[in-house]
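Trainee: Provided below are the primary sequence and the corresponding predicted coordinates.
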Amino acid sequence: MSVTSASRTALRYPLRRLLRPAAPRSARMFASAPQAKTLVKIMEVGPRDGLQNEKGVVPVDVKVELINRLGEAGLKHIEAGSFVSPKWVPQMGGTAEVISQMERLPGVHYPVLVPNQRGLDNLSSLLAEYASSPSAAAQPPPTDEIAIFTAATDAFCQANTNTTVAGSLARLAPVARAALAQGLRVRGYVSVVITCPYSGQVDYGRVREVAEALLAMGCYEVSLGDTVGTGTPAAVSEMLREVTKTVPVEKLAGHFHDTFGTGVANVMAALDLGVRTIDSSIGGLGGCPYSPGATGNVATEDVLYALQGSQYTAGPGVSLDKLVETGWWISEQLGRETVSRAGKALRLKKLQEHADGPKL
Ligand SMILES: CC(C)(COP(=O)([O-])OP(=O)([O-])OC[C@H]1O[C@@H](n2cnc3c(N)ncnc32)[C@H](O)[C@@H]1OP(=O)([O-])[O-])[C@@H](O)C(=O)NCCC(=O)NCCSC(=O)C[C@@](C)(O)CC(=O)[O-]
């Protein structure tokens, strides 16, 4: 039986589709144009927030390799450590060595936490040593950015930094001024923006006032930390609506610990309210030494997986594959499995591709 060209066309295209009027040329052009995605800045905090809560002190060479791998995976903001008192947080004791030894990629920022003038003085000596060394022309300085930190409650601030919120702001103002005068970028953190492990529900108006104070000191951005990780999308949205009454949303970052499994949902809620910087931790590492029971930050792999197919992107150079491998690698170094859900699933999927049987 011969098949006419009309029936051949009908076989390939269902009748309904043939009868549908063709879209106007401009609409077709519009439909095929790639949608511009909204860029989300990822602040990787694994080497600092992730490792500061480990039982043991992670060796300098492991920290250096972690930071190098994160840079190679395309991340542009990698918090590298802290110049805090080693008596308070011994895990961050080797930060000077770490930032001297790590590979510093051009265009990548490697902020370090600084709690007081002593921390800034220690960092400044290191930067002065670098500036007068022969390698100064060959690679960027160990860092060009510090992060100062305080909290929304006196109880947490006291436990974390041995002073009240007002006391910490008074301590940090000259530190920020001196850092800016040296040409360093200054980022700010407000901890316990949803609940405080010592005093319970937090007053979001207080979060707003502390964020304002940090911006007034010259911070280019303030990261709002759900340190305990009790936040839900509804609570995070309510807090952000309060803070953005006076603080421009483009000056804010979201920093969500994933204790109750709401980290990714909180990230999406924050993005939908206009926040464009998200702090996350490779492999979901971490916690704060002064927030008992809190787990690590939302995993970087989980955030990147959730962004896939959405209107948001972490940028073209960021490799989820490399981050999944890095999450597995650092977890192995620490003697456990990654807690990133996407990290586990993507690794399993990769292994299944080389085996018979059902696949994810
Ligand atoms: C702020 C202090 C120093 C006050 O601590 P203090 O005990 O009141 O300070 P001090 O001035 O009395 O000094 C005590 C000793 O520490 C030394 N010291 C003092 N400062 C430094 C320094 N910078 N570097 C090195 N050594 C330092 C100082 O020299 C002295 O040594 P000693 O005379 O006894 O031998 C202390 O409380 C501290 O270091 N706290 C840091 C705590 C910390 O790192 N917490 C974790 C980071 S914050 C966080 O994780 C939350 C975040 C950012 O991720 C967001 C979120 O999730 O919410």
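Mentor: That came through fine.
Trainee: measure Leu323 to the ligand for me?
Mentor: Distance, Leu323 to the ligand, by C-beta to the nearest ligand atom, to the nearest Å: 20 Å. Backbone N, C-alpha and C define where each C-beta goes, glycine included.
Trainee: Val64 now?
Mentor: 20 Å.
Trainee: just the mean pLDDT for the helix or strand encompassing that residue, thanks.
Mentor: Remark: Val64 resides in helix 60-72, with elements defined by DSSP states H and E. The average pLDDT within helix 60-72 is 98.
Trainee: what does the protein put close to the ligand?
Mentor: Within the chain, the positions adjacent to the ligand are 49, 52, 82-85, 87-89, 113, 115-116, 118-119, 122, 149, 160-162, 189, 191, 225, 227, 255, 288-290 by C-beta under 6 Å from any ligand atom.
Trainee: of those, just the buried ones, PyMOL syntax please.
Mentor: Only the buried entries of these go into this PyMOL selection, using 16 or more other C-beta atoms under 10 Å:
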select buried, resi 49+52+82+83+84+85+89+113+115+116+119+149+160+161+189+191+225+227+255+288+289+290
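Trainee: follow-up on the earlier one: other residues contacting the helix holding Val64?
Mentor: Contacting residues not belonging to helix 60-72 are listed as 44, 46-47, 51, 78, 80-81, 94, 97-98, 101-103, 105, 108, 110, 282, 322-323, 325-326, 329-330, 333 [C-beta atoms under 8 Å, 6 or more residues apart in numbering].
Trainee: just the buried residues of it, please?
Mentor: Buried-residue list, helix 60-72, by 16+ other C-beta under 10 Å: Val60, Val62, Lys63, Val64, Glu65, Leu66, Ile67, Asn68, Arg69, Leu70, Gly71.
Trainee: again, but for stretch 183-191
Mentor: Applying 16+ other C-beta under 10 Å to stretch 183-191 flags Leu184, Arg185, Val186, Arg187, Gly188, Tyr189, Val190, Ser191 as buried.
Trainee: so which of the buried residues of helix 60-72 comes closest to the ligand?
Mentor: Nearest to the ligand, judged by C-beta to the nearest ligand atom, of the buried residues of helix 60-72 is Lys63 at 15.5 Å.
Trainee: please enumerate the strands of the stretch 1-150 of the chain.
Mentor: Taking DSSP state E, counting those that start in this stretch as the test, the strands found in the stretch 1-150 of the chain are 38-39, 41-44, 81-82, 112-113, 145-151.
Trainee: tell me the strands beside the longest one, with direction?
Mentor: Here strand 145-151 is paired, per DSSP bridges, with strand 112-113 (parallel), strand 185-191 (parallel).
Trainee: do the same with the first one
Mentor: Partners of strand 38-39 in the sheet, by DSSP bridges, are strand 312-313 (parallel).
Trainee: pLDDT on the partner strand, on average?
Mentor: Strand 312-313 shows a mean pLDDT of 97 in the predicted model.
Trainee: centre of the chain to that strand, how far?
Mentor: 14 Å (C-alpha atoms, centre = their mean, to the nearest Å).
Trainee: what's in contact with whichever helix or strand comes after it?
Mentor: As assigned by DSSP H and E, the chain's next helix or strand after strand 312-313 is helix 320-333. With C-beta under 8 Å, 6+ apart as the test, helix 320-333 has contacts from 46, 50, 58, 62, 66, 69-70, 72-75, 282-285, 299-301, 304-305, 308, 337-340, 342-343, 346-347.
Trainee: which of the residues you listed fall within helices?
Mentor: Within these, residues falling in helices by DSSP state H are 62, 66, 69-70, 72, 300-301, 304-305, 342-343, 346-347.
Trainee: in JSON lines: those, plus distance to Val275.
Mentor: Converted to JSON lines, the ones in helices among the contacts of helix 320-333 look like this (distance: C-beta to C-beta, whole Å):
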{"residue": "Val62", "distance to Val275": "32"}
{"residue": "Leu66", "distance to Val275": "26"}
{"residue": "Arg69", "distance to Val275": "27"}
{"residue": "Leu70", "distance to Val275": "22"}
{"residue": "Glu72", "distance to Val275": "27"}
{"residue": "Thr300", "distance to Val275": "16"}
{"residue": "Glu301", "distance to Val275": "20"}
{"residue": "Leu304", "distance to Val275": "16"}
{"residue": "Tyr305", "distance to Val275": "19"}
{"residue": "Ala342", "distance to Val275": "21"}
{"residue": "Gly343", "distance to Val275": "23"}
{"residue": "Leu346", "distance to Val275": "25"}
{"residue": "Arg347", "distance to Val275": "29"}
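Trainee: how far is stretch 62-70 from where the chain is centred?
Mentor: For stretch 62-70 - counting by C-alpha atoms, centre = their mean - the centre lies 16 Å from the chain centre.
Trainee: how about that stretch as CSV, C-alpha atoms only?
Mentor: C-alpha atoms of stretch 62-70 as CSV (Å, rounded to 0.1, in the frame of the first residue of the first chain):
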residue,chain,number,x,y,z
VAL,A,62,43.7,19.0,54.2
LYS,A,63,42.2,22.4,54.7
VAL,A,64,44.5,23.8,51.9
GLU,A,65,43.4,21.0,49.5
LEU,A,66,39.8,21.5,50.4
ILE,A,67,40.0,25.2,49.5
ASN,A,68,41.9,24.4,46.3
ARG,A,69,39.3,21.9,45.2
LEU,A,70,36.5,24.4,45.9
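Trainee: all helices for the chain, in order.
Mentor: Ranges of helices in the chain, per DSSP H, are 5-12, 15-19, 25-32, 60-72, 95-101, 117-131, 154-161, 165-181, 204-216, 233-243, 263-272, 300-307, 320-333, 341-352.
Trainee: okay then, goodbye and thanks.
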